[in-house]
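>>> Have a look at this prediction, sequence included:
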Amino acid sequence: MATPVSSQTESVLHRSRAGFTESSLTMLKQEEGLVDVLQMEDGGKPRLDGSERGLSGLYLSCFDMLFTEDAAWLVKVAGASAMPSQRVEPVCPEPEQCPVIDSPGLGTEAVSPGLEEQVEERSLEQVQTLVVGEVLKDIETACKLLNITPDPTEWNCSNVQKWLLWTEHLYRLPHVGKAFQDLDGKDLCAMNEEDFRLRSPQCGDTLYAHLDIWKSAAWMKERCSVGDNRITEGEELWSEADSSCSGQPIHLWQFLRELLLKPHSYGRCIRWLNKEKGIFKIEDSAHVARLWGLRKNRPAMNYDKLSRSIRQYYKKGIIRKPDVSQRLVYQFVHPV
DNA sequence: AATTAGGAATCTC
DNA sequence: GAGATTCCTAATT
């Protein structure tokens, strides 16, 4: 695995304009390549459609969108004629060689100065804003699913373990939770990259980089909210009819709705067949069960039990089987 | 083999 | 007590 980040000791002091440290952004950029590799792992078929993506996945989705919807624009932005218009195959064997979005001087010699430069500058800002927005959204989604706060410094030991499990799960890292036992969020945030490596030689650097992204996001959020009551995009999402801030334990049907709300992240494991009628299909029953188990702190959760809970909704008139019954297809009785 | 259905006991808030 | 979990048997796909 590529070492995503190096020498981040001063990163907190050098937040970029968008609020993310240079190292976090570097990692995000490099993940673009990494994700392609990860998604090739089963049977060599690229999986670009949804779940288990997390930050990198959303980041990639963002690029999918740009490439498919406005390929010409992005090619111009990047100033790279070699840029593919579709991301079907991994574009670069080494992450270091991947096209990056805000490299100073990237492609600048190919573009004439003046107006075009300004346009490019603005486009880069737009891309950066887009990426940052997606990262924030993804962190918030993870928070909802794990029932933890976005700010790592507020985590208790159990929250830290949840985050580790989640990150390991998303990025298919080996399980290293034990190496971080009895650490709360403050302890974790106080650790540097070397500390992470000491505790986990295999993926300490990766975990450190991911935590750095979370720290940066929390830092940004705090900065945005100070003296500014305007609702940010993140907070808007946060205030959706969501379970995690109501204090009430989340219901399974709410959880399923939340997953369905994020096709970007979970479309591969659960998706609408007919949103208007509230008909949805569980595409990966084991994965949805795992997510539910994570959310409820029930490691032994499986689809057998989850589906039993869904069936309890039949009598209550919350969920039913659609008129034409299909395997793994259910219908909300009262679609929104 | 996986999914569906529902009874029943138990757990958790 | 509500809602979810766990375990179960039996039927269906």
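That came through fine.

>>> near DNA strand B, which residues of the stretch 151-300 of chain A?
Residues of the stretch 151-300 of chain A lying close to DNA strand B (C-beta under 7 Å from any atom of the strand) are A:Pro249, A:Ser285. In this view, the C-beta of every residue, glycine as well, is placed from N, C-alpha and C.

>>> give me that answer again for 10 Å
Counting by C-beta under 10 Å from any atom of the strand, the stretch 151-300 of chain A comes close to DNA strand B at A:247-249, A:281-286, A:288-289, A:296-298.

>>> Which ones among these lie within strands?
Using DSSP state E, the subset of these located in strands is A:Lys281, A:Ile282.

>>> Residues touching the host helix or strand of A:Asp187, excluding its own?
Following DSSP states H and E, the helix or strand that holds A:Asp187 is helix A:185-190. For helix A:185-190, the external contacting residues (C-beta atoms under 8 Å, 6 or more residues apart in numbering) are A:Asp151, A:Pro152, A:Thr153, A:Glu154, A:Trp155, A:Asn156, A:Asn159, A:Val160, A:Phe180, A:Leu211, A:Lys215.

>>> if we take those residues, which one ends up nearest to DNA strand C?
Nearest to DNA strand C, judged by C-beta to the nearest atom of the strand, of the contacts of helix A:185-190 is A:Asn159 at 18.5 Å.

>>> can you tell me which of the residues of the stretch 151-300 of chain A next to DNA strand B are up against DNA strand C?
Checking these against DNA strand C (C-beta under 10 Å from any atom of the strand), the matches are A:Gln248, A:Pro249, A:Ala289, A:Lys296, A:Asn297, A:Arg298.

>>> Just give me the closest of the residues you listed to A:Ser325.
Within those, the smallest distance to A:Ser325 is 20.4 Å, found for A:Ala289 (C-beta to C-beta).

>>> how near is A:Arg308 to A:Asp195?
43 Å (C-beta to C-beta, to the nearest Å).

>>> Mind checking which of those two has more residues around it?
Neighbours were counted for A:Arg308 and for A:Asp195 using other C-beta atoms under 10 Å; A:Asp195 has more, 14 against 9.

>>> list the contacts for the more buried one?
With C-beta under 8 Å, 6+ apart, A:Asp195 has these contacts: A:Gly204.

>>> which parts of the helix or strand hosting it are buried?
According to DSSP H and E, A:Asp195 maps onto helix A:193-199. Residues of helix A:193-199 classed as buried: A:Glu193, A:Phe196, A:Arg197, A:Arg199 (neighbour count, 16 or more other C-beta atoms under 10 Å).

>>> and which of the residues you listed is nearest to A:Val336?
Nearest to A:Val336 out of the buried residues of helix A:193-199 is A:Phe196 (C-beta to C-beta; 42.3 Å).

>>> Please name the nearest non-neighbouring residue to the closest one.
A:Gly204 (3.5 Å; C-beta to C-beta, 6 or more residues apart in numbering).

>>> Run a quick neighbour tally on the one residue in the stretch 101-250 of chain A that gets nearest to DNA strand B.
Closest to DNA strand B within the stretch 101-250 of chain A is A:Pro249: 5.6 Å, counting by C-beta to the nearest atom of the strand. A:Pro249 has 10 neighbours, counted by other C-beta under 10 Å.

>>> Distance check, it against A:Lys296.
8 Å.

>>> Which of the ones next to DNA strand C among the residues of the stretch 151-300 of chain A next to DNA strand B fall within helices?
Those of these mapping onto helices are A:Ala289, A:Lys296, per DSSP state H.

>>> got a winner among the ones next to DNA strand C among the residues of the stretch 151-300 of chain A next to DNA strand B for most neighbours?
A:Ala289 (21 neighbours).

>>> Show the contacting residues for it.
Contacts of A:Ala289 (C-beta under 8 Å, 6+ apart): A:Met301, A:Asn302, A:Tyr303, A:Lys305, A:Leu306.

>>> again, only using 10 Å
A:Ala289 makes contact with A:Cys269, A:Ile282, A:Arg298, A:Ala300, A:Met301, A:Asn302, A:Tyr303, A:Asp304, A:Lys305, A:Leu306, A:Ser307, according to C-beta atoms under 10 Å, 6 or more residues apart in numbering.

>>> Extract the residue ranges of the stretch 101-250 of chain A that are flagged as low pLDDT.
For the stretch 101-250 of chain A, the stretches with pLDDT under 70 are A:101-131, A:220-247.

>>> please redo it, this time with the cut-off set to 80
Low-confidence segments of the stretch 101-250 of chain A (pLDDT under 80): A:101-135, A:144, A:216, A:218-248.

>>> Now do the strands in the stretch 201-336 of chain A.
Along the stretch 201-336 of chain A, the stretches classed as strands by DSSP state E, counting those that start in this stretch are A:270-274, A:279-282, A:319-320, A:329-332.

>>> For the third one, which outside residues touch it?
Residues lying outside strand A:319-320 but in contact with it, judged by C-beta under 10 Å, 6+ apart, are A:252-253, A:256, A:278, A:280, A:309-314, A:330-334.

>>> in the stretch 151-300 of chain A, what residue is nearest DNA strand C?
Ranked by C-beta to the nearest atom of the strand, the top residue of the stretch 151-300 of chain A for proximity to DNA strand C is A:His251, at 3.2 Å.
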